[in-house]
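Engineer: sequence and predicted structure below; questions after.
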Amino acid sequence: MKIEQIYTGCLAEAAYYVESNGEAIVIDPMREPRPILDRLKQDSAKLKYIFETHFHADFVSGHLDLHRETGAPIVFGPGATAGYDIHEGTENEEFKVGDLTLKLLHTPGHTMESISLLLLDENGKQVCVFTGDVLFIGDVGRPDLAVKSDLTMEDLAGHMFDSLRNKIMPLNDDIIVYPNHGAGSACGKFMSEETFDTLGHQKEVNYALQDMTKKEFVDQVLDGLAAPPQYFPKNAMLNKNGYDSYDSILEHARQALDPDHVNKLMKDGALLLDTRDHVTFQKEYVKGSINISLDGNFASWVGTLIEDINQPIVLIVEEERIDEAITRLARVGYNNTVGYLQGCEKEWKDSGFPVDSIESISAYKLDKMVGENENINILDTRRNSEYQSEHVMGSDVYTLDSVFHNLNELDKDKTYYMYCVTGYRSASLISILKNNGYKNLINIEGGLDAIRETEVPLSEYVCPTTIL
């Protein structure tokens, strides 16, 4: 028996591969099929089933490509309907894989078709349970993504309470809980850095599994939920209705484009997305591009900031990372990458591309300015919850995730000093603002991590002046 958790750190998403006696199954597979196909070849195994615990909203799953490659049926939970052939599972339905048995548990709450899968060994002993987005380590799934006219988030939270109490908590305490996500995902509030745990320990430490009424559970689960990223419903529809194959997307996007071609594409509405690290980007970049570095939560920030999921995208990317960039875009449904800009900064300038740079100062220079009581405008570009935990005293909030809804909230005649944690988000924010007529924007090198090493005064929670 082999049970493997395959973790995609950028999305804090876990897929699972289980093999026994030459037969295998996969649960919630990642977008690109090759990792699973390679494991099947290595194990000389046949893929028997592809399980989806629900229609995912935060990433595009790889079930269709795996089905095309292997012919294995795609299994969803009760009530699921899709734009392609699926097997609609039923409560307590059993699926054999080698010497093992997977029992389907219908666990609605995150969505109505959500399922968990209980794995039994050859002797019928409970080994583990794959809980999808119903139960995380330290948390439960958010119940606000599948709301309909006749189904409120309170209704879904109530279903989740019943699912946990009636289907999950009665299982043996020593079984392992394998969820679909970990810390960093927008699918929950308090997820642990740990990616699996025993059910017994979760009963002790997970707030949602404590003794409480259904109303108390609903109130706690719904309290403090941030709005989901705008790309979530778009990904859910791709997972439900279908999408182009990963290989065709990769082939279409691996096009080296000269500057003249890129310039024409930009005039026709393409986005020039610079994926280099923010330090390199701010030294010199092509005007009109925005910076979302691969060296961070690239996919989720793309999904948060680029509202048109079908917009043509031209990449600026190191040659050895071209496939990585295309793949990470496809994981969140951005399938219309049309190529990448050839050459280096000198070639871009020689071809007539206007270039720009972002001014930056060190945290120690900021310390000196603050110490001399200079009247400076400091903006914290992190989320409100991060600001409330710790921030530079006197700073205001102007968050990266809402920049396109607040482009006119700043004074274009003022100078702003911007920080996040490391400089990643603030550089991205500045690149967007400079494309919209702002000039006097200065990035603080190293962000809050560097500021903590200085005497710049930091404040714990104070009700912020928020420029959303």
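Structural biologist: Cool, got the structure.
Engineer: so how many other residues sit close to the residue nearest to residue 241 when sequence neighbours are not counted?
Structural biologist: Nearest residue to residue 241, sequence neighbours excluded (Cβ to Cβ, 6 or more residues apart in numbering): residue 83, at 4.0 Å. Placement of C-beta: from N, CA and C, glycine included. The number of residues packed near residue 83 is 13, by other Cβ atoms under 10 Å.
Engineer: quick check: residue 83 is in a helix.
Structural biologist: No. With DSSP: H, G, I helix; E, B strand; the rest coil as the criterion, residue 83 is assigned coil and is not in a helix.
Engineer: make residue 1 into 51 and carry on from there
Structural biologist: Will do, 51 is the new start, and the previous item becomes residue 133.
Engineer: so it touches residue 293, yeah?
Structural biologist: No. At 9.9 Å, residue 133 does not count as touching residue 293 under the criterion of Cβ atoms under 8 Å.
Engineer: residue 412 touches residue 501, doesn't it?
Structural biologist: No. Applying Cβ under 8 Å as the test, residue 412 and residue 501 come out as separate, 9.8 Å apart.
Engineer: these two: which is more packed in?
Structural biologist: residue 501 (26 against 14).
Engineer: all the strands of the stretch 301-450 of the chain, residue numbers only.
Structural biologist: Remark: strands assigned in the stretch 301-450 of the chain by DSSP state E, counting those that start in this stretch are 306-307, 321-324, 335-336, 340-341, 363-366, 387-391, 405-406, 409-411, 427-430, 441-442, 446-447.
Engineer: which other residues reach the fifth one?
Structural biologist: Counting by Cβ atoms under 8 Å, 6 or more residues apart in numbering, the neighbours of strand 363-366 from elsewhere in the structure are 303, 307, 312, 315-316, 320-326, 335-336, 339, 356, 372, 375-376, 379, 384, 386-391.
Engineer: cool, the first one as well?
Structural biologist: When contacts are taken as Cβ under 8 Å, 6+ apart, the neighbours of strand 306-307 outside the stretch itself are 315, 364, 388, 389, 390, 391, 392.
Engineer: and the worst-scoring helix or strand of the chain on mean pLDDT, what does it pack onto?
Structural biologist: Taking mean pLDDT, DSSP states H and E as the measure, helix 395-400 is the helix or strand of the chain with the lowest mean score, a mean of 71. Counting contacts by 3 or more Cβ pairs under 8 Å, 6 or more residues apart in numbering; DSSP states H and E, helix 395-400 is packed against strand 405-406.
Engineer: ok, which stretches of the stretch 301-450 of the chain are helices?
Structural biologist: Assigned by DSSP state H, counting those that start in this stretch, the stretch 301-450 of the chain shows helices spanning 309-317, 328-333, 348-355, 372-380, 395-400, 413-421, 434-439.
Engineer: deepest-packed of those, please.
Structural biologist: For those, the largest average neighbour count (mean count of other Cβ atoms under 10 Å) is found in helix 348-355, namely a mean of 23.
Engineer: and that helix with helix 372-380, angle?
Structural biologist: 50 degrees (axes from the mean of the first three to the mean of the last three Cα atoms, to 10 degrees).
Engineer: and helix 348-355, average pLDDT?
Structural biologist: The average pLDDT for helix 348-355 rounds to 93.
Engineer: what do you get for stretch 99-115?
Structural biologist: Mean pLDDT, computed over stretch 99-115, is 97.
Engineer: how about stretch 268-283?
Structural biologist: When pLDDT is averaged over stretch 268-283, the result is 90.
Engineer: endpoints of that stretch, how far apart?
Structural biologist: 23 Å (Cα to Cα, to the nearest Å).
Engineer: buried ones in it, by neighbour count?
Structural biologist: By neighbour count on 16 or more other Cβ atoms under 10 Å, the buried set for stretch 268-283 is 268, 270, 271, 278, 279, 281, 282.
Engineer: stretch 199-214 too?
Structural biologist: Neighbour-count burial for stretch 199-214 [16+ other Cβ under 10 Å]: 203, 204, 205, 206, 207, 208, 209, 210, 211, 213, 214.
Engineer: surely the fourth one is in a helix?
Structural biologist: Read it as residue 206. Yes. According to three-state DSSP, residue 206 belongs to a helix.
Engineer: list the contacts for the closest residue in space to residue 194 that isn't next to it in sequence?
Structural biologist: Nearest residue to residue 194 in three dimensions, chain neighbours excluded: residue 203, at 4.2 Å (Cβ to Cβ, 6+ apart). Counting by Cβ under 8 Å, 6+ apart, residue 203 makes contact with 193, 194, 197, 272.
Engineer: in what helix or strand does the first one lie?
Structural biologist: Looking back up the chat, that one is residue 193. Here residue 193 sits in a region with no helix or strand, counting by DSSP states H and E.
Engineer: distance of it from residue 411?
Structural biologist: The gap separating residue 193 from residue 411 is 44 Å, by Cβ to Cβ, to the nearest Å.
Engineer: and if you look at the last one?
Structural biologist: Plainly put, residue 272 is 42 Å away from residue 411 if you go by Cβ to Cβ.
Engineer: cool, the second one as well?
Structural biologist: Distance of residue 194 to residue 411, given as Cβ to Cβ: 41 Å.
Engineer: same check on the third one?
Structural biologist: Distance of residue 197 to residue 411, given as Cβ to Cβ: 45 Å.
Engineer: quick one: stretch 163-182 to chain centroid distance?
Structural biologist: Stretch 163-182 sits 26 Å away from the centroid of its parent chain (Cα atoms, centre = their mean, to the nearest Å).
Engineer: buried set for that stretch?
Structural biologist: Within stretch 163-182, the residues scored as buried using 16+ other Cβ under 10 Å are 163-170, 176-182.
Engineer: mind giving me the domain ranges of the protein?
Structural biologist: Following automatic domain parsing, the chain resolves into domains at 52-283, 294-406, 409-509.
Engineer: ranges for the strands of the stretch 101-250 of the chain?
Structural biologist: Going by DSSP E, counting those that start in this stretch, the stretch 101-250 of the chain shows strands at 124-126, 137-138, 144-147, 150-156, 165-170, 176-182, 226-229, 247-248.
Engineer: between the ones you listed, which gets nearest to residue 86?
Structural biologist: strand 124-126 (13.3 Å; Cβ to Cβ).
Engineer: tell me the mean pLDDT for that closest one?
Structural biologist: Strand 124-126 shows a mean pLDDT of 98.
Engineer: parallel or antiparallel, list what pairs with it.
Structural biologist: Strand 124-126 pairs in its sheet with strand 96-101 (parallel), strand 137-138 (parallel), by DSSP bridges.
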